[in-house]
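Trainee: just a sequence and a predicted model for now, questions to come.
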Amino acid sequence: MSEALTHEAPVEKKIRFLQLVFVDINGVPKGMEIPISRYEEAVEDGISFDGSSIPGFQGIEDSDLVFKADPTTFSEVPWEGIARVYGYIYRDEKPYWADSRGVLRNTLKELAEKGMRAYIGPEPEFYFFRKNGTWELNLPDAGGYFDIINLDKARDIKREIALYMPYFGLTPEVLHHEVGRAQHEIDFRFDDALRTADNIVSFKYVVKAVGEMHGLYATFMPKPIYGMPGNGMHLHISLWKGDENLFMGEEGISDTALHFIGGILKHARALTALTNPTVNSYKRLVPGYEAPVYISWGYRNRSALIRVPAFWGKGARIEYRCPDPSANPYLAFAAILKAGLDGIEKGIEPSAYVEENVYEMSDKARDELGIATLPGSLEEALDELRKDRVVRDALGDAYKNFISYKEGEWNEYLEYVRAKGIPADTKEVTEWELERYFYV
């Protein structure tokens, strides 16, 4: 990764090894490498591995799993002389219940049976830090939102990332500096839900790899620095039936879209356990930094949890604004789509419509509009998940793995703050969070 790169012709090498990529319960990529000569075997028969030490997977007493490559995801890593491929995990020749990619596939099959296809476009944000063993930002980067030229010290690095993205099937659309110092965003073209989940994992890989080439560390941690903006991952979502955008109405968005919004709002508190699944996620979901806290919706209203952006042609969609990049995209997408589908099936009308700045409204005004709040901690979000059958069922049998792992994560955090004499509800970013989330 230390080789110098040119913008005109990225380095390409002969492919000798193949990286088999899947994610653990946290959405963190895991995998193994095999000689490229075993590619056909990986597709047809699968490659066995020990899943006992993968977070959220099997126990040591029953850990034999098999990875089968999905050839539609094959991509070459031009700077490293290897290829990568995603796939599905099996146990005893059956789909493994804790395979996140398989969980999303099940949800998409249900949508397909109803003649629907989901498209999602993400907006992941990240910070560049100096790669020197400290939590030091890439300085001097005094840029702010949409600053360019001399204020954006990472502009060449973002361009380099964008040039590599097509190798992994991603189409870059917009590159810009974000609100925070050394904070950036690169948006890429929407795709079907499964491909977009893969693309999010690939995007993080490319951003981190290119950053490392320049002596920087990229972090997608939701709130790496107290007092500065957090990293969000807004999701633009639409449902289609063939060439018909089901969110497109005669005037504005359709009833299908409204009911989809209604389903998400109804299940929003439980959904945060999947869309904002870390202790640190709830340091971002606080008033004052554009991250939504109140469960509401509106048109063009960026203080709402869900907004309907202006659109032209068949571009009708909704923007779900609370998710962050720490989410396991496969599990989060499965849960969001199931919640929205519940809204469509039950004809749930969305409540809490507002076009005002929700943060500036009084508590009384919010109460009168029925505007509830998102959970204030991972513990509260997990409590909501336990009570919500629709969101639980979206995970299938992976639910028990997810809830068990996250309960352990919360308890470890409690042990740390109690030992340090820190209130559990502190909005300060603790050393425990930095050590646990900064690098993953």
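Mentor: That came through fine.

Trainee: any chance you could map the helices in this protein?
Mentor: Ranges of helices within the chain are 39-44, 100-113, 155-164, 193-213, 255-266, 268-275, 281-284, 329-346, 363-368, 378-387, 389-395, 398-420, 431-437, based on DSSP state H.

Trainee: between these, which gets nearest to Gly232?
Mentor: Ranking these by proximity to Gly232 (CB to CB) places helix 281-284 first, at 7.1 Å. Where you see a C-beta, it was placed from the backbone N, CA and C, and this is true even at glycine.

Trainee: ok, so what distance separates Tyr88 from Gly421?
Mentor: Look at Tyr88 and Gly421: by CB to CB, to the nearest Å, they are 46 Å apart.

Trainee: of those two, which one has the most company?
Mentor: Tyr88 (17 against 6; other CB atoms under 10 Å).

Trainee: my guess is that one contacts Lys68. True?
Mentor: Yes - at 5.5 Å, Tyr88 counts as touching Lys68 under the criterion of CB atoms under 8 Å.

Trainee: joint contacts of these two?
Mentor: Counting by CB atoms under 8 Å, 6 or more residues apart in numbering, no residue touches both Tyr88 and Lys68.

Trainee: quick one: the closest residue to Phe311 other than its chain neighbours from Gly252, how far?
Mentor: The shortest distance from Phe311 to any non-neighbouring residue, by CB to CB, 6 or more residues apart in numbering, is to Arg317 (6.6 Å). Using CB to CB, Arg317 is found at 12 Å from Gly252.

Trainee: so what sits against both of those two?
Mentor: Applying CB under 8 Å, 6+ apart, one finds that Arg317 and Gly252 are jointly contacted by Val308.

Trainee: which one's more surrounded, those two?
Mentor: Under the neighbour definition other CB under 10 Å, Arg317 and Gly252 were set side by side, and Arg317 has more, 23 against 13.

Trainee: now the more buried one: phi and psi?
Mentor: phi -160, psi 170 (degrees, to the nearest 10).

Trainee: circling back to that earlier point, tell me who's in contact with the residue nearest to Phe311.
Mentor: Contact analysis of Arg317 by CB under 8 Å, 6+ apart lists 121, 236-238, 247, 308-309, 311.

Trainee: so which of these are in strands?
Mentor: Per DSSP state E, strands hold the following members of the contacts of Arg317: 121, 236-238, 308.

Trainee: just these now: which is nearest Ala98?
Mentor: Checking the ones in strands among the contacts of Arg317 against Ala98 by CB to CB gives Ile237 as the nearest, at 25.0 Å.

Trainee: residues in contact with the closest one?
Mentor: Taking CB under 8 Å, 6+ apart as the test, what Ile237 contacts is 118-120, 260, 317-320, 336, 340.

Trainee: of all the residues you listed, which two lie farthest apart?
Mentor: Pairwise across the contacts of Ile237, and taking CB to CB, the largest span is found between Ala118 and Glu319, at 14.6 Å.

Trainee: with neighbour numbers in mind, choose between the two.
Mentor: In this view Ala118 and Glu319 are compared by other CB under 10 Å, and Ala118 has more residues nearby, 23 against 19.

Trainee: quick one: the more buried one from Arg307, how far?
Mentor: 18 Å.

Trainee: over to Gly376?
Mentor: Remark: distance between Gly376 and Arg307 (CB to CB) = 22 Å.

Trainee: same question for Ala316.
Mentor: 13 Å.

Trainee: repeat that for Phe57.
Mentor: Separation of Phe57 from Arg307 (CB to CB): 37 Å.

Trainee: got it, and Tyr330?
Mentor: Distance of Tyr330 to Arg307, computed by CB to CB: 24 Å.

Trainee: how about the nearest residue to Glu110, chain neighbours excluded?
Mentor: Leaving aside its sequence neighbours, Glu110 sits nearest to Leu341 (CB to CB, 6+ apart; 7.5 Å).

Trainee: is it true that the one you found touches Lys266?
Mentor: No - look at Leu341 against Lys266 with CB under 8 Å: they stay out of range, at 11.8 Å.
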